[in-house]
Each structure stands twice: as structure tokens, then as C-alpha cells.
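S.K.: what's the 3D shape of this:
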Amino acid sequence: MRRIHILSCILLCVSCSVMRPMKIIGTYKSTCVLYGFPDLVVNFNPDSTFVYKMPYVEEIAGTWVVRQDTLILHSDKFPTQPPSESAPANKYNKYTDLEGNKDAYLVKAKKLYPINKEGWTKSCYLKRQ
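M.R.: Model prediction:
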């Protein structure tokens, strides 16, 4: 009987920790620097909206959602294609090379790792301030 009680307590604790929503809300800054500024600063709001701030680029707003361990950002101002000769890099205003009007990040503790076509990367991750 005691084992069943202990097992029940463990299962309850595990299920609560798994069910707890990730806390994304706040300001995150890139660990990489461009022109003396972080590559990217993102503010995540409680109403599931965000604002991207990149050096010398117009601020970009959009919405965010978390699916399992992935943060997905959508904005109509994100380009649908990565930089090319017809769309130069200085007009590219998102952090990953994903196609479509979205960016995605792997969520690990207080860090967001960019997800690109080849997978996620540890370089230039975003860290909660």
C-alpha cells in the first residue's frame, strides 16, 4: 500500500511538471552582436504577441505560440523566402532561414535556440534578460 502511495505521488509530481506551461513572456537578447548591438532583441507579451528589434531594421510585430518544446513566431512582415539575388540579405528581417512567414526556436530553460532548415543551432541563441 505504501508503494502505491509513493508511486501515486511521484506520478502526480511528474504530470504537474509536464503539464506546466512554458514561461516565454519577457525580453530575450541574442548572444551574438552586430554593430555593437545584439543581433536581435525580442519582447514576448502575455497576449501572445511579440516585437522583433534588429539593428538598423524596422521593428516587426507578430504572434507567437508554443507547441511542445518549440516556439513558433508568425508575422506578415517576415519574408517568405531567404535572401537571394532578388531579395538581398539587407532586406531580410527574420532570424532563421525557414520558408514562409515564420521563425521557430527550440525552448530550453531561459534560452531559445534558432531552428533553421538543417535543424536547431547553439550559436547565436536568445537568452532571457
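
S.K.: Please count neighbours and contacts with C-alpha atoms only from this point.
M.R.: Noted.

S.K.: which residues in this structure form strands?
M.R.: Applying DSSP state E to the chain gives strands spanning 26-30, 33-34, 37-38, 41-44, 49-53, 60-67, 70-74, 102-108, 111-116, 119-120, 126-128.

S.K.: quick one: buried residues of stretch 101-113?
M.R.: Neighbour counts over stretch 101-113 (16 or more other Cα atoms under 10 Å) mark 101, 102, 103, 104, 105, 106, 107, 111, 112, 113 as buried.

S.K.: now it: mean pLDDT?
M.R.: Stretch 101-113 shows a mean pLDDT of 94.

S.K.: Tell me how far residue 51 lies from residue 30.
M.R.: 14 Å (Cα to Cα, to the nearest Å).

S.K.: Neighbour count: these two, which is higher?
M.R.: More crowded of residue 51 and residue 30, by other Cα atoms under 10 Å: residue 30, with 23 against 17.
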